[in-house]
Every structure is written in structure tokens, then in C-alpha cells.
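Colleague: Test case, fold it:
(chains A and B)
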Amino acid sequence: MSQPAEHGVIHDIGFRHYTGPRLGRGYLLRSLYAESLRGAYGLGRSGKSKVMPFLLLTTITFPALIIAVVAIVTKADELPVAYTSYPMFAGLAISIFVAAQAPALVSRDLRFKVMPLYLSRPLTRNDYVLAKVGALISALFILIAVPQTVLYVGALLAKLPFWAQTRGYLSSLVTAALLAAVLGGIGLLIASITPKRGFGVAAVITVLLLLSAIAGALQAITLDKGKPELAGYLGGIDPGNLVDGVQVWLFNAEPASQIGPPGTLGGVVFLVLTFVVIFGCYGLLLLRYRKVSAS
Amino acid sequence: MMITIEDLTKRYSSVTALHELSFELQPGIVGLVGANGAGKSTLIKILLGLLPATSGRASVLGLDVATEGPRIRQQVGYMPEHDCLPPDVSATEFVLHLARMSGLPMSAARERTADTLRHVGLYEERYRAIGGYSTGMKQRVKLAQALVHDPGMLLLDEPTNGLDPAGRDQMLALLRRIGTDFGIPMLVTSHLLGELEQICDHVVVVDAGRLLRSSSTADVTSASRILSIEVNERTDELVALLRSAGLTVHPAGRQLEVELIDDSTYDVVRDGVVQLGLGLFRLERRRHRMSEIFRADPTLDTGERSSDVPAR
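Modeller: Numbering: from 1, shown residues only, chains lettered A, B, ... in the order given. Next up is the predicted model:
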């Protein structure tokens, strides 16, 4: 060797024992949440898994960007699309995201039998469910809130009235959170039933589209028969309409479906139903994971 | 005491998986041997505190499995028998994640992930997606995730499963190194009775949920008068040749067992192999096989389980 010894000599230091801290369940839960949230956007996974989530995020944000630019350039006195309408307008992209990414979070661990590795650690089954539900809801919230934020920034740059815009923006964030929780819960529940990713994707998108089609058809029929109240309630069969009904009642938003829930009673019913769906899906997921084998 | 088991019984609705097992294990490399379905994996699940026993008691590292499961799971490392690796992440990403899931803070997790993957023999390929790995590399990743948090004990379920003979020898050497050099005690299961004698200090044999024997390997595997031979091809011709030279030869799977008369037996085998132009993979004086434990016990029906040839 021409180099002196301090250059490039690798010493085999052997196995070193670990004497540092071993953090508890709270840390495990946060770590799994963070890994799953990153995973929902394909971060830390193969390049291929990043394509779908980022394509959808771009697709859903691009129109908002156009709207914002148009508002700034034309010095419009209001945004052409309300904050609260935007997620309903982008409903299909959001549904596709749920269908594509819910299986990526849970079916994958079932399919490749990663669960025993988690369960042989201090993490519990309930911790696992909480972390996964939290991660998908957060991923969806980001997906929905990013274009709304783009709209808001555009509105402020276009010097639209600050307080009115801020109120609209904040109420749309509430909607975004509710919609993310409803769709995230439904998506994970369906995806957790099958270890096959393809089945999971197909099942989630089918259920979401079917509910939407049924709600639309039933509304049309009942409206035709002259029963607008019933039509309003039936709209809630579609998860998106359900959350939309809540914002129609709470924030006087324009209903995205043919007709919103009737009056205060309808609003309260939709709000209660929204929480029933969120916590119902969470409860069923906990039950589902009782049955997941630890080996 | 590494593991203490007293009258442990596990019944499923129609099957008794474990039947009043009792034994104590000192820290060291301990083999748990039994055919498929003998109750090895059930026992491991009970030891991890993931499955309640029907009756009896068990403790791991002094912790009761019934009440202190979470503390046990913090202190042991578990390598499952089956595949458990998602294909779309690299070994580094995956082991790092599981190190954190064992409670290691991020910086320690990074450092120990790199160290551990090096110790199990994964180098540049650790940045590639696991999906492209060979079986041997996957087994190493599975071992690494069990080892990364420096557990007080390892529970390894069939770590040599699916490996070719060379891969199996490498895995066994690695396990011995972890047990002796790293000083981590372990319970290793296998249905291959022969292979555990190479590395274990102590062997527990179970069959149909019952304890057959628990004894130190030195007692049962003193050197025999059997020579083990393995060649690359034309085994039949070698058998004929050795028999014609007056040796007693028994084919055993890929290997041949030749009775050792004296040192000249080695010469006969060597000359025979050279004469046929074969590649000699193995020539060793075999220790008593674990399977001979069964034969030595006249109360047992040995018919089904006297073979240590892997079922493939």
C-alpha cells in the first residue's frame, strides 16, 4: 500500500451492543404513521409507486392554479369556483386516489405478511389501525387542501376581500377534513379485506362510483315524483354528498348534488351520519384486525 | 434462564398443538427440532406472548408470557418462517423502519441498520428493492430485522428454509457467529434434524406437541463411524465402485453414508472420486444425527421421522 495507514483502512469493529433508549408505543405509533403517510405518496418506495399519487395531486391542483391565475389577471371580484365546491368538483380524482392508495397502505402488509413483524414488536393491533387510518386521512387531507390553498393564495394576491376569503377557506378546510375522514375510513375498510392489491383498487373504486350513481339516480327519481325532502336525504348515500350536505347546512355552500339535505334537521342528520360513518369504519377496522394472524 | 416452560398445553378446537411441555433452557444456541406440524411455530407464538396457552406457564428472559408480552416483544427479535418482506422497498429502508418500530430513535436506527446489514452480509445490494433478491438474501434481511435492535434473545423460525446447501451452511455459520461472537442467545427451529447439531449447544426435540428430548448436543452427537460423502453427479456409479472395493454404502438423499473401517477408507473414497472424475462436495466424518435420537428410543415409532432429507 502506498497510502499511509490512516487513509482508507476499514477496521472490523465487530458487533456493538445497543445501550441507548428504547422508546415506547407512542413513538412506534408516530413512526408507523409517518412511514405510512410517506408511503401513501410513494415516498421511500419505488419510483413507480410515486407516479399515481403525484399525478393525481397535480391533476387536482392544476385547475385551481388556472383559476387563481385567471382571478389575478382579470382582477375578478370573486373566485369563479367556491372553496367548498372544489373538492366535489374534483371528486373523481379523490376517489381514484383513495382506491389506489388505501390498498398500498394495508393490503400490502397483508399480502406480503409483514403483519407478524409488527405484531412481534410492542406495537398493538389497535395502534397499527390508528396509524394507518391517520396516515390515509392525512394524505387525503393534503390532496384536498392543497388546491384549496392554491385558490386562497390566488384570491389574496387578487386582493379579494380578506375576511370573506379567509372564512370561505377555513370552512373548506373543515370540509376537507371530514371528507378525508369519511373516504379514508371507507377505503381502508374495503382494502383491508383483501390482500390482493388489484382487488382492493377495483373494490374501492367500484363501491365509491356505485354509491355515487345510486344516489344520483334515486335523487332524480324522487325529485321527478315531487318529493324534494326525500331526494335531499337520499343524496347522502354518496359519501361525497354526505359531507357536502354538512357544508351546505353549516356554511351555506351550494349543494353539489341535485338537492341538498332539507333544513336544519337534514343538516344535523347528515352531520351525525358523517360521524357514524367515520367511527363505524374505524370500529370495523379494529374488529377486522383482531382476526389478522400474528404469524 | 433463557426460557422456562412448565406443563404448557395449547389446544385448538380439535387439535392439541402442545401437550404438557416442560423444559428449561440456559442461554446459548438452542435448537428446537420437530417435523412440520410438531408445534414449533405455536410454541414461538406463545413465547412472544401473541397466543394464550390453554394451560401451563412459560417465561422468556424471566418475563411471564401471559402478563408481560409487550416487554418480551421489546426484548426479543423474531424471524418468521414464511416470507415477510414487501418487494417495493430496499433492505435499508425496510430494516430502518423496523428498527424504529422496535423503539430505536432515528439516528441510532440508521447506524444500527447499516451495521446489521453488514453483519449479515448484505453490501451494495442493500439499496436495491427487495423484490429482486435471491432467497438467501431475503433470509438475511429477515434475520437483520430481528437483530437490528440488539435483542436479548432471538427466536428464529426455520432460518434455513428454502436455502441450497451452500446457503444453508452460510446461514448456520452466521447464526453461530451471532450466538458466540455477538453473545446473543437464540432459539432456532428446524425440521432438518441434521443441521442443528452443527451449531447448537442444546437441542429440544418435539413431536406432535410432546417433548421427546431436551439435552445438550455434546451428549448425543459424538463422532460416529460414518463418513458422509456428496458428489456433483453420477452418484450411482460411485456407490457401485465403493461397494466393489468392499465398503458398506447407504445412499441418503444427495449424500452417501459410508461405514468407516480405518483411515484407508478415506483413500478408497478419494481414489474412487478421482477415477470417475467427479466433483467432491463433501467428505466428513459425521457426528451422530439427531434422527438417531429417535432410533435410540425404543418406545418410539420411528417409521415416519427417521429421515432428515428436506421435504421438497
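
Colleague: what's near enough to touch whatever residue of the stretch 201-312 of chain B ends up closest to chain A?
Modeller: Distance from chain A to each residue of the stretch 201-312 of chain B (Cβ to the nearest Cβ) is smallest for B:G209, at 16.4 Å. C-beta coordinates here come from the backbone N, C-alpha and C atoms, glycine included. Counting by Cβ atoms under 8 Å, 6 or more residues apart in numbering or on different chains, B:G209 touches B:10, B:16-19, B:21, B:38-39, B:42.

Colleague: Among those residues, name the buried ones.
Modeller: B:10, B:17-19, B:21, B:38-39, B:42 (16 or more other Cβ atoms under 10 Å in any protein chain shown).

Colleague: how about those, which pair is most distant?
Modeller: Maximum pairwise distance in the buried ones among the contacts of B:G209, criterion Cβ to Cβ, is 12.4 Å, between B:K10 and B:A38.

Colleague: which one is residue 100 nearest to, not counting chain neighbours?
Modeller: No chain specified, so I'll use chain A. A:M52 (4.9 Å; Cβ to Cβ, 6 or more residues apart in numbering or on different chains).

Colleague: meant chain B actually
Modeller: Nearest to B:R100 is A:S31, by Cβ to Cβ, 6+ apart, at 4.3 Å.

Colleague: Sort out for me which of the buried ones among the contacts of B:G209 are in strands.
Modeller: Judged by DSSP state E, strands contain the following of the buried ones among the contacts of B:G209: B:10, B:17-19, B:21.

Colleague: need those in JSON lines with pLDDT and distance to A:L37, can you?
Modeller: Below are these laid out as JSON lines (pLDDT from 0 to 100; distance: Cβ to Cβ, whole Å):
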{"residue": "B:K10", "pLDDT": "93", "distance to A:L37": "39"}
{"residue": "B:A17", "pLDDT": "90", "distance to A:L37": "39"}
{"residue": "B:L18", "pLDDT": "92", "distance to A:L37": "41"}
{"residue": "B:H19", "pLDDT": "91", "distance to A:L37": "47"}
{"residue": "B:L21", "pLDDT": "92", "distance to A:L37": "44"}
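
Colleague: got TSV for these, with distance to A:L284 too?
Modeller: Converted to TSV, those look like this (distance: Cβ to Cβ, whole Å):
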residue	distance to A:L284
B:K10	29
B:A17	30
B:L18	33
B:H19	37
B:L21	38
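
Colleague: Nearest to chain A among these?
Modeller: Nearest to chain A out of those is B:A17 (Cβ to the nearest Cβ; 12.3 Å).

Colleague: how close does the closest one get to B:G34?
Modeller: Remark: distance between B:A17 and B:G34 (Cβ to Cβ, to the nearest Å) = 11 Å.

Colleague: any residues in contact with both of the two?
Modeller: In contact with both B:A17 and B:G34: no residue, using Cβ under 8 Å, 6+ apart.

Colleague: Now do the end-to-end distance for stretch B:100-113.
Modeller: Counting by Cα to Cα, to the nearest Å, you get 10 Å between the two ends of stretch B:100-113.

Colleague: Name the nearest residue to B:S55, ignoring sequence neighbours.
Modeller: B:T9 (4.8 Å).

Colleague: again but with B:E230, I slipped
Modeller: Nearest non-adjacent residue to B:E230 (Cβ to Cβ, 6+ apart): B:R282, at 3.7 Å.

Colleague: same question, B:T42
Modeller: B:A17 (4.3 Å).

Colleague: give me every residue that touches the one you found.
Modeller: B:10-11, B:39, B:42, B:209.

Colleague: residues in contact with A:V204?
Modeller: Neighbouring residues of A:V204 by Cβ under 8 Å, 6+ apart: A:95, A:98-99, A:102-103, A:186-187, A:190-191.

Colleague: Let's see that with 7 Å instead.
Modeller: Residues in contact with A:V204, defined by Cβ atoms under 7 Å, 6 or more residues apart in numbering or on different chains, are A:98-99, A:102, A:187, A:190-191.

Colleague: What about those residues, which one has the most neighbours?
Modeller: Each of the contacts of A:V204 was scored for neighbours by other Cβ atoms under 10 Å in any protein chain shown, and A:G187 scores highest at 32 neighbours.

Colleague: Around chain B, pick out the residues from the stretch 101-250 of chain A.
Modeller: Those residues of the stretch 101-250 of chain A that sit near chain B, judged by Cβ under 7 Å from any Cβ of the partner chain, are A:108, A:112-114, A:116-123.

Colleague: Most neighbours among the residues you listed, which one is it?
Modeller: A:S120 (29 neighbours).

Colleague: how about the residue in the stretch 151-295 of chain A that chain B sits nearest to, secondary structure?
Modeller: Per Cβ to the nearest Cβ, A:A294 is where the stretch 151-295 of chain A lies closest to chain B, at 4.2 Å. Per DSSP: H, G, I helix; E, B strand; the rest coil, the local secondary structure of A:A294 is coil.

Colleague: Right, I'll leave it there.
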